[in-house]
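[1] This is a predicted model, with the sequence first.
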Amino acid sequence: MRYFTPGPVHHRLGLVCLGVGMQHGALPPVGPRVLDHHVAIVISAGRGWCEVPGTAEGRKEAGGRRQEVVAPALLWITPGVPHHFGADPEEGWDESFVDFTGSALTAYTELGCIEPGRPLVPLTDAGPARAAIARVARAARPGNPLLEIEAAAAVHELLVALRRARADTTADGAPVLQALARDAFLPLSVAEHAARHGMTAAELRTAVRRSAGCSPKDYLLGIRLGRAKELLAGTDLPVSTVARRVGYDDPAYFSRLFTRRVGAPPVHFRATQSRTVPGGYASHVPDPDHPPMLPRIGS
């Protein structure tokens, strides 16, 4: 186990790591206790138990309903909430944990990466999360001048890995997002998108919020603006044509929306981009393990 004391400038990063630990076996129970920061405990092997507080009012007191913990699983410790857990005394478990805090946690909670009301979360795979915690542990080597920065970066990665590995994501979440991405450039309202998938608008909002951490409108907007930027940077198409290509029949509305979200009008964004990319722009995301290479001169 290692504990850190980040300075004021590190706290301005929005997320700081306060400690890291990796241990296994028939470990002694923890708690009942209350902390003033977050802890993510990844159980990658074995089993044990945790006590889950009942109602919001009951969280002020230690104790609660006991639940079995079976790996792979995540135990969320949130500030001010009593917690009590332990490994099975015979089988034990393999746990990795990170203590952290920071202002960025508000946004991570809004995006669904942290659910304060769910202290026990089943996982599909603990490997990526455990790897992120291991990076924090490696950053804690003696004399590392970048300890706090490396640890903070790894905690960001950990939160994403845990969100991706959550086993309780609704079964229709991924197909819905794939379908929305496929139809993102059609001039359809959220209600019309929902009807195409046999859902109400409320059901679509719930599915997208749970899977992507945002509303369907914001999810579609991100895809549309990303494609609009590609067209503005890589082609000579008029702004009105770009607008229609990404699903907006009204170029003036598209320009206002683009300006509000990007911070610059489409024509100004285009003027700041390099449009002489050797080999041209790719129409798909290349394989990172086999990136496209420019031919050698004379070959």
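    Alright, I've got the coordinates.

[2] what's the single longest strand in the protein?
    strand 38-52 (DSSP state E).

[3] what lines up beside that one in the sheet?
    Within its sheet, strand 38-52 is paired with strand 65-70 (antiparallel), strand 73-77 (antiparallel), strand 83-87 (antiparallel), strand 93-101 (antiparallel), according to DSSP bridges.

[4] Need the contact partners of the longest one.
    Contacts of strand 93-101 with the rest of the structure, by C-beta atoms under 8 Å, 6 or more residues apart in numbering, involve 3, 15-24, 27, 35-48, 69, 71, 79, 87, 129-130, 133-134, 136, 154-155, 158. (C-beta placed from N, C-alpha, C; glycine too.)

[5] rewinding a little: got the buried residues for the longest strand of the chain?
    For strand 38-52, a neighbour-count test (16 or more other C-beta atoms under 10 Å) marks 38-44, 46-52 as buried.

[6] and which of these is nearest residue 180?
    Of all the buried residues of strand 38-52, residue 40 has the smallest distance to residue 180: 29.4 Å, by C-beta to C-beta.

[7] so who does that closest one touch?
    Applying C-beta under 8 Å, 6+ apart, we find residue 40 in contact with 74-77, 97-98, 100, 129, 158-159, 162.

[8] Repeat that for residue 90.
    Here residue 90 is in contact with residue 26 (criterion: C-beta under 8 Å, 6+ apart).

[9] Check residue 70 too.
    47, 122.

[10] Now do residue 236: how many residues are near it, please.
    With neighbours defined by other C-beta atoms under 10 Å, the count for residue 236 comes to 9.

[11] so where do the helices sit in the stretch 151-299 of the chain?
    173-182, 190-196, 201-212, 216-234, 239-245, 251-262, 266-271 (DSSP state H, counting those that start in this stretch).

[12] Please name whichever of these is nearest to residue 142.
    helix 201-212 (40.9 Å).

[13] in the closest one, what counts as buried?
    Neighbour counts over helix 201-212 (16+ other C-beta under 10 Å) mark 204-205, 207-212 as buried.

[14] which helices and strands sit right next to that helix?
    helix 173-182, helix 190-196, helix 216-234 (3 or more C-beta pairs under 8 Å, 6 or more residues apart in numbering; DSSP states H and E).
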